[in-house]
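Q: for reference, the sequence and a predicted model appear below.
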Amino acid sequence: MNDDVSTLADWIADSPSTVFFGGAGVSTESGIPDFRGANGFYFQEREIPLETVLSIDFFSRHPEAYWQWFDEVYRPVEPNGAHRALASLEAAGRLDAVITQNIDGLHQRAGSRAVWELHGNWERLVCPGCGAVQPLGESLRSSTDPVPSCPSCGSHLRPDIVMYGEALDQGVIEAAVTAISRASVLIVAGTSLVVYPAAGLIDYFSGDHLVLMNATPTSADAHADMIIREPVAHTFDQVMADLF
């Protein structure tokens, strides 16, 4: 492990362009369950399947039930060592972009600026009627009105996330593809690489070193130059100690 950390630190130090691509496993050390791990959202017993709850069709027909689920799973948490390390690498000019499948907004809270959110951000609410966007904490909700409404037009607000049945933002996809295709080092962390189209983005990488950090094997393992099974935040703590 120590040899891998030292090698990775050297690769980052020598790289003209490093990009980070992350999934749910990046935020587990902040207390947010991942999706397909042993204790993930997909393995929690529930009356309605998660894929159904997180679909645009379900939200449109049952907004109250959707927001009930949201209240059960949403929790304000703090960035962990991985988020902070990536923000520090960007500030030091050693990381070009963060591409994330996560919707928790923790990269921005840690200080990262070049963040491409493939699936949106649940800390923002957007109005389907007039397009207004506001922070989640400012939503107008109460026990008698569990579905937040837009203060401008009265439409039901929704989290600014990509639900099942919706397409990813094409501008975000194009920016992510550009960053990955230009990268010399691509670090892929905390993702099982089974959710498409996001998982297919790594196919655009043709740089020098592909690094995978995930607790379990992925379909990309055979193409990786380095595989690390340790927790992501723990690994980055060691990388930062080597770099700085």
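A: Thanks, I have it. Residues are numbered from 1 along each chain as shown.
Q: please enumerate the strands of the chain.
A: Under the criterion DSSP state E, the chain contains strands at 18-22, 97-100, 115-117, 120-126, 133-135, 158-161, 185-189, 209-213, 226-228.
Q: so which of the ones you listed is nearest Ala179?
A: For Ala179, the closest of the strands of the chain is strand 97-100, at 4.2 Å, according to Cβ to Cβ. C-beta coordinates here come from the backbone N, C-alpha and C atoms, glycine included.
Q: before we move on, the earlier item: His62 is nearest to which of the strands of the chain?
A: With Cβ to Cβ, the closest approach to His62 among these belongs to strand 158-161: 12.4 Å.
Q: give the buried residues for the helix or strand of the chain with the lowest mean pLDDT.
A: When the helices and strands of the chain are scored by mean pLDDT, DSSP states H and E, helix 50-53 comes last with a mean of 84. Of the residues in helix 50-53, Leu50, Val53 count as buried by neighbour count, 16 or more other Cβ atoms under 10 Å.
Q: isn't Ser152 right up against Gly131?
A: No - the pair Ser152 / Gly131 is not scored as a contact, 9.4 Å apart, by Cβ atoms under 8 Å.
Q: find the nearest non-adjacent residue to the residue nearest the centre of the chain, please.
A: Central residue of the chain (Cα atoms, centre = their mean): Asn102, 2.1 Å from the mean position. Counting by Cβ to Cβ, 6 or more residues apart in numbering, Asn102 lies nearest to Ser27, which is 5.6 Å off, once chain neighbours are set aside.
Q: isn't that neighbour right up against Leu106?
A: Yes - counting by Cβ under 8 Å, Leu106 is a contact partner of Ser27 at 5.9 Å.
Q: what sits in contact with each of those two?
A: Both Ser27 and Leu106 are in contact with Val77, Asn80, His83, where contact means Cβ atoms under 8 Å, 6 or more residues apart in numbering.
Q: next one: the least confident helix or strand of the chain to chain centre, how far?
A: Per Cα atoms, centre = their mean, to the nearest Å, the displacement of helix 50-53 from the mean C-alpha position of its chain is 19 Å.
Q: from here on, count from 465
A: Sure thing, new numbering starts at 465, so read that last one as helix 514-517.
Q: now for Gly671, how many residues are close by?
A: Using other Cβ atoms under 10 Å, Gly671 is surrounded by 18 other residues.
Q: kindly apply the preceding question to Gly495 instead.
A: Other residues near Gly495 come to 11 when the count uses other Cβ under 10 Å.
Q: could you do Glu528 as well?
A: Glu528 has 10 neighbouring residues, counting by other Cβ under 10 Å.
Q: cool, the one 5 residues further on as well?
A: Around Trp533 there are 17 other residues, counting by other Cβ under 10 Å.
Q: next one: the spatially closest residue to it that is not a sequence neighbour from Leu657, what distance?
A: In space, and not counting its chain neighbours, Trp533 is closest to Val517: 5.1 Å by Cβ to Cβ, 6+ apart. Val517 sits 23 Å away from Leu657, going by Cβ to Cβ, to the nearest Å.
Q: before we move on, back to that, ChimeraX command to pick out the buried ones of the shared contacts of Ser491 and Leu570?
A: Isolation of the buried members of these (16+ other Cβ under 10 Å) is achieved in ChimeraX through the command below:
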select :544,547
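Q: quick one: which of the shared contacts of Ser491 and Leu570 is nearest to Val652?
A: Using Cβ to Cβ, His547 comes nearest to Val652 of the shared contacts of Ser491 and Leu570, at 16.0 Å.
Q: thank you kindly, that will do.
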